[in-house]
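Build me a model from this:
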Amino acid sequence: MALKRHVGLFGAVAYGVGIILGAGIYALIGPAAGLAGNSVWISFIIGALISSFTGLSYAELSAMFPKAAAEYVYVKRAFKNELLAFLTGWLIIFTGTVSASTVALGFASYFKALFDHPIIFTALILIVLLSFLNFCGIEESSRVNILFTAVEIAGLLLIIFLGVSRFGEVNYFETPSVPGIFAAAALMFFAYLGFEDIVNIAEETKNPEKTLPRALILSVAITAVFYVLVALSVVSLAGWKELAASSAPLAYAASTVMGANAFSVMSYIALFATANTVLVISIVGSRMIYGMAKDGALPPILSKVHFKTRAPWIAILCIMIFSMFFVLFGDIKLVASITSLGVFITFALVNLSLIWLRYKKPELKRPFKVPINIGNFPITAFLGLISCALMVTQFDLNAVLFGTFVLGLGVLIHVIYKKK
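Residues are numbered from 1 along each chain as shown. The predicted structure is shown next:
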């Protein structure tokens, strides 16, 4: 039984914007301001450019292969190597599961601040409820995602609205150091993560060859505009040193105008932002498992689709159980860094897949083709590959060792399954 095609361009863009805006902007703007000062808006622009390199590669590949388990499919079609393709999908599943756990704990922290409820219990309940929503079907999930995304955008619009009246009152090029702008840009790259997850709902998207590339590009562009305007607003409302010292920088910036009520207002909005991120991660993670099982890389039972909701219910159950397991760790900073490491390795493989396919399969139909090419060579994919490779070098030894363990575990699972 096939998945149900319900998502149009608006819904796909809402998924992209919803997961990109997510929880990142609420926490990262403070540390970024500490590095870049009032010039933090420039860092957001640089981060958007770096993201767009890989985003364009996803756009071309998603138009060529509009399938669930997208990254797994791209690598397999490019290199004809089942192990490398499996490890790519394995990284996506692992990083998605841990990301859901991490963001669920973030939701629970805000919830505790508002209602004094146990963090672990709240995070577990959130994952169960959102997994059930995922099981109810892509149409229902899409509606909730659009609603939550609207609330997230409303929160950022509030910050922009409060800051507009003070635009021009500070020097927007003031910075502790020029290298700090680029250091903040590296940090801001994380705030754009999520655009790549759009491609994993390909089999539930109407006219995916055209819809997915447009959704990818629009998602990054829309969030970049929001981020730049928010960055200009917060440094207009509060000094960058105070923002860097605050654990809730957006709430602090809003409090300069709204007073003490700002913390509660922004905390409620953060609940929607974090919940939305967990929902979308649950959706794309379960579709990765479904797509790999459908292709034979995982047990066929994982590709079962519920007869009524047309959702991959066993894959959803697996994501839910593993996410709940990592929540029990309570503090998983090391595993969260592994998430980022896995993302950059995946991005590097996606960019490399596009370059490889340009030469090995030039005859393939490309409904969308990335701009700026020298012959068949895609310049943007090369820049994406180089930037991701540089990012991988920024992690400490513990993260690299743990990442190696995760990859080794993936190899073991693949070998055991293939033998059976």
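
okay, now Glu203: neighbour count?
By the measure other C-beta atoms under 10 Å, the count of residues near Glu203 is 22. Any C-beta I mention is one placed from the backbone N, CA and C, and that applies to glycine too.

my read: it touches Ala69, true?
No - at 9.3 Å, Glu203 does not count as touching Ala69 under the criterion of C-beta atoms under 8 Å.

Next, show the common contact partners of these two.
Arg287, Gly291 (C-beta atoms under 8 Å, 6 or more residues apart in numbering).

What ranges does the stretch 101-250 of the chain have for its helices?
119-136, 138-164, 178-192, 208-237, 240-245, 249-258 (DSSP state H, counting those that start in this stretch).

of all those helices, which lies closest to Leu298?
Ranking the helices of the stretch 101-250 of the chain by distance to Leu298, with C-beta to C-beta as the measure, places helix 119-136 first at 18.2 Å.

Against Glu152, how distant is the nearest residue to Leu162 once chain neighbours are set aside?
What sits nearest to Leu162 in space, not counting adjacent residues and going by C-beta to C-beta, 6 or more residues apart in numbering, is Val257, at 4.8 Å. Distance, Val257 to Glu152, using C-beta to C-beta, to the nearest Å: 20 Å.

Of these two, give the one with the bigger neighbour count.
A direct count of neighbours by other C-beta under 10 Å for Val257 and Glu152 places Glu152 higher, at 26 against 16.

Isn't the more buried one up against Ala275?
No - here Glu152 does not reach Ala275: they are 9.9 Å apart, not a contact under C-beta under 8 Å.

so where's the stretch 151-300 of the chain shaky on pLDDT?
Residues of the stretch 151-300 of the chain that meet the criterion pLDDT under 70 lie in 200, 247.

which residues touch the residue nearest to Pro299 when sequence neighbours are not counted?
For Pro299, ignoring the flanking residues on the chain, the nearest one in space by C-beta to C-beta, 6+ apart is Ala293 at 6.3 Å. The contact partners of Ala293, by C-beta under 8 Å, 6+ apart, come to Pro299, Pro300, Ile301, Leu302, Ser303, Ala315.

In CSV: the helices of the stretch 101-250 of the chain, plus distance to Gly30.
Output for the helices of the stretch 101-250 of the chain, formatted as CSV (distance: least, C-beta to C-beta, whole Å):
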stretch, distance to Gly30
helix 119-136, 21
helix 138-164, 13
helix 178-192, 10
helix 208-237, 9
helix 240-245, 5
helix 249-258, 4
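
what's the closest of these to Gly16?
Using C-beta to C-beta, the nearest of those to Gly16 is helix 208-237, at 2.9 Å.

Which strands or helices does that closest one pack on?
Identification of packing neighbours for helix 208-237 by 3 or more C-beta pairs under 8 Å, 6 or more residues apart in numbering; DSSP states H and E yields helix 9-21, helix 24-36, helix 40-64, helix 138-164, helix 178-192, helix 249-258.

Kindly calculate the angle that the third one makes with helix 24-36.
Note on geometry: by axes from the mean of the first three to the mean of the last three C-alpha atoms, to 10 degrees, helix 40-64 and helix 24-36 are set 130 degrees apart in direction.

Next, the angle from helix 40-64 to helix 208-237.
Computed by the same axes, to 10 degrees, the angle between helix 40-64 and helix 208-237 is 170 degrees.

same deal with the last one?
Computed by the same axes, to 10 degrees, the angle separating helix 249-258 from helix 208-237 equals 50 degrees.

what's the spacing between helix 249-258 and its chain's center?
Centroid separation for helix 249-258 versus its chain: 26 Å, with C-alpha atoms, centre = their mean, to the nearest Å.

same thing with the longest one?
Taking C-alpha atoms, centre = their mean, one finds the center of helix 138-164 at 16 Å from the center of the full chain.

tell me what it is packed against?
Partner elements for helix 138-164 (3+ C-beta pairs under 8 Å, 6+ apart): helix 9-21, helix 119-136, helix 208-237, helix 249-258, helix 261-294.

thought Gly180 was touching Ala33?
No - with contact defined as C-beta under 8 Å, Gly180 does not reach Ala33; the gap is 10.0 Å.
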